[in-house]
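J.: Quick one: sequence plus predicted model below, questions after.
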Amino acid sequence: MKKFEYMEKHGYEQLVFFHDATTGLKGITCIHDTSLGPALGGTRLWNYDNEDDATLDVLRLARGMTYKAAAAGLNLGGGKTVLIGDPEKVKSEAYFRGLGRYVQTLNGRYITAEDVNTSTKDMDFVNMETDYVVGLKHKSGNPSPMTALGAFHGIRASLMEVFGDDTIEGRTFSVQGAGQTGDYLIGYLLEAKAKKIYFTEINEKHIEKIKKKYPEVEFVEPDDIYGLEVDVYAPCALGATMNDETIPQLKCKIVAGTANNVLDDEEKHGNMLKERNILYSPDFVINAGGLINVYHELQGYSRENAENDISKIYDRLMDIYKIAKETGKHTQEAAKLFAKERIKTISTVRANFVKR
Ligand code: NAD
């Protein structure tokens, strides 16, 4: 892989490889852009087939974090760490303390957190060796309810955009995936008196959990979720569920949920939804509640302040929908323009030296 060529093309700052012989720790930290502040992004542990796959993954994920933080109105840049190893075999106190020591060497340019296959427990070990870790159990806690809360506000904004009225009462919804975020989202929608909610799941335990907790919510088979006549389809499971096969089945007016990378091909499927007159709520904007929540750890955590900031996802989406209309771009593209513009303008404001 031509790393410098890729870094130059997308404006990366730093790519750091690290290794610890005793624990077998093998990792890569990528810092994409720190124009707005220190790079923040979780540590993903994955059994990558080869180093190039791991490198490309960390590069892509770090860049995504830059846009996510920028669009969320945070003073943070984008970064990420990947660890190459089998999650069943490599984990130990020493392994994560080793990671913490490498995070500390970056001296605050990068802040880590949990991600796929790393937990708050692992981050407690990381925290023994570095100050630059968030998402700790005794601080901001589980991000999922906050991610779902952000999606709830995002759904309200999307209803406002499409119907000129953001009331949940009387509206109909379908939710794909009732894991951590889907479960909370259903709860928020019911609390706001949604008229009808359908959900789908592939995990039997989660199906039973939802049926018991919310008997009024109707289960449908996974393949039947796309064609339902509802106002809002909320993807809260996997990525790439908006694709050539699923978009033609949609009968909803809005696609807005917690899942990451919902569009299989951003350009193609962003435009397909636009042509079908279905409003797509950009994933990295509507699902930023968890990130906004951990960001508040850096300023002395207050749940009230975090929730207040999360509610601003509503206004941010309204701004993005306006940009989409003005530029004729699909909403995912408009969200990127919005994020890039914020990075550019705030960098300019900060160009003057001011003593604080
Ligand atoms: P989760 O694993 O707790 O829940 C996902 C659920 O989707 C699981 O119950 C799973 O069984 C179900 N599922 C998987 N494939 C399915 C299918 N084909 N049909 C129906 N159900 C299916 O995950 P989560 O934390 O709720 O995250 C959901 C999505 O939101 C992911 O894409 C994640 O990256 C994204 N996200 C989560 C957070 C967060 O705070 N948890 C933050 C930002 C983004």
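T.: Okay, I see it.

J.: The residue lying closest to Asp165 once chain neighbours are set aside: neighbour count?
T.: The shortest distance from Asp165 to any non-neighbouring residue, by C-beta to C-beta, 6 or more residues apart in numbering, is to Leu159 (6.7 Å). For the C-beta atoms, the positions are set from N, CA and C on the backbone; glycine is no exception. Leu159 has 21 neighbouring residues, counting by other C-beta atoms under 10 Å.

J.: so Leu45 touches Thr118, yeah?
T.: Yes. At 5.4 Å, Leu45 counts as touching Thr118 under the criterion of C-beta atoms under 8 Å.

J.: what do the two both touch?
T.: Common contact partners of Leu45 and Thr118 (C-beta atoms under 8 Å, 6 or more residues apart in numbering): Leu83.

J.: Contacts only, for the closest residue to the ligand within the stretch 51-200 of the chain.
T.: Residue of the stretch 51-200 of the chain nearest the ligand, by C-beta to the nearest ligand atom: Gly179 (1.8 Å). By C-beta under 8 Å, 6+ apart, Gly179 lies in contact with Asn203, His206, Cys236, Ala237.

J.: quick one on the thing from earlier: what about the helix or strand where the residue nearest to Asp165 lies, near the ligand?
T.: Here Leu159 sits within helix 144-163, counting by DSSP states H and E. Yes. Contact of helix 144-163 with the ligand (C-beta under 6 Å from any ligand atom) involves Ser144, Thr147.

J.: Can you spell out which helices and strands pack onto that helix?
T.: The contact analysis (3 or more C-beta pairs under 8 Å, 6 or more residues apart in numbering; DSSP states H and E) places helix 144-163 against helix 180-191, strand 232-235, strand 254-255, strand 279-280, helix 283-286, helix 289-295, helix 303-311, helix 313-327.

J.: would you turn these into CSV with mean pLDDT?
T.: Shown next, in CSV, are the helices and strands packed on helix 144-163 (pLDDT from 0 to 100):
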stretch, mean pLDDT
helix 180-191, 97
strand 232-235, 98
strand 254-255, 98
strand 279-280, 98
helix 283-286, 98
helix 289-295, 96
helix 303-311, 97
helix 313-327, 98
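
J.: can I assume Cys30 sits in a helix?
T.: No. Read with DSSP: H, G, I helix; E, B strand; the rest coil, Cys30 is strand and lies in no helix.

J.: ok, and the closest non-adjacent residue to it?
T.: That would be Ala62: by C-beta to C-beta, 6+ apart, it lies 3.9 Å from Cys30.

J.: residues of the helix or strand the one you found falls within that come out buried?
T.: Here Ala62 sits within helix 51-71, counting by DSSP H and E. Of the residues in helix 51-71, 54-55, 57-71 count as buried by neighbour count, 16 or more other C-beta atoms under 10 Å.

J.: Please apply the same query to stretch 257-276.
T.: 257-259, 262-264, 266, 269-274.

J.: Now, those residues that are in strands?
T.: Per DSSP state E, strands hold no members of those.

J.: Please narrow the residues you listed to those residing in helices.
T.: Glu266, His269, Gly270, Asn271, Met272, Leu273, Lys274 (DSSP state H).

J.: pLDDT added to those residues, as CSV?
T.: Listed next are those as CSV, based on pLDDT from 0 to 100:
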residue, pLDDT
Glu266, 95
His269, 98
Gly270, 98
Asn271, 98
Met272, 98
Leu273, 98
Lys274, 98
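
J.: out of these, which touch the ligand?
T.: Of these, not one also sits near the ligand (C-beta under 6 Å from any ligand atom).

J.: Turn these into JSON lines, columns for distance to Tyr198.
T.: Below are those laid out as JSON lines (distance: C-beta to C-beta, whole Å):
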{"residue": "Glu266", "distance to Tyr198": "27"}
{"residue": "His269", "distance to Tyr198": "22"}
{"residue": "Gly270", "distance to Tyr198": "25"}
{"residue": "Asn271", "distance to Tyr198": "27"}
{"residue": "Met272", "distance to Tyr198": "23"}
{"residue": "Leu273", "distance to Tyr198": "20"}
{"residue": "Lys274", "distance to Tyr198": "25"}
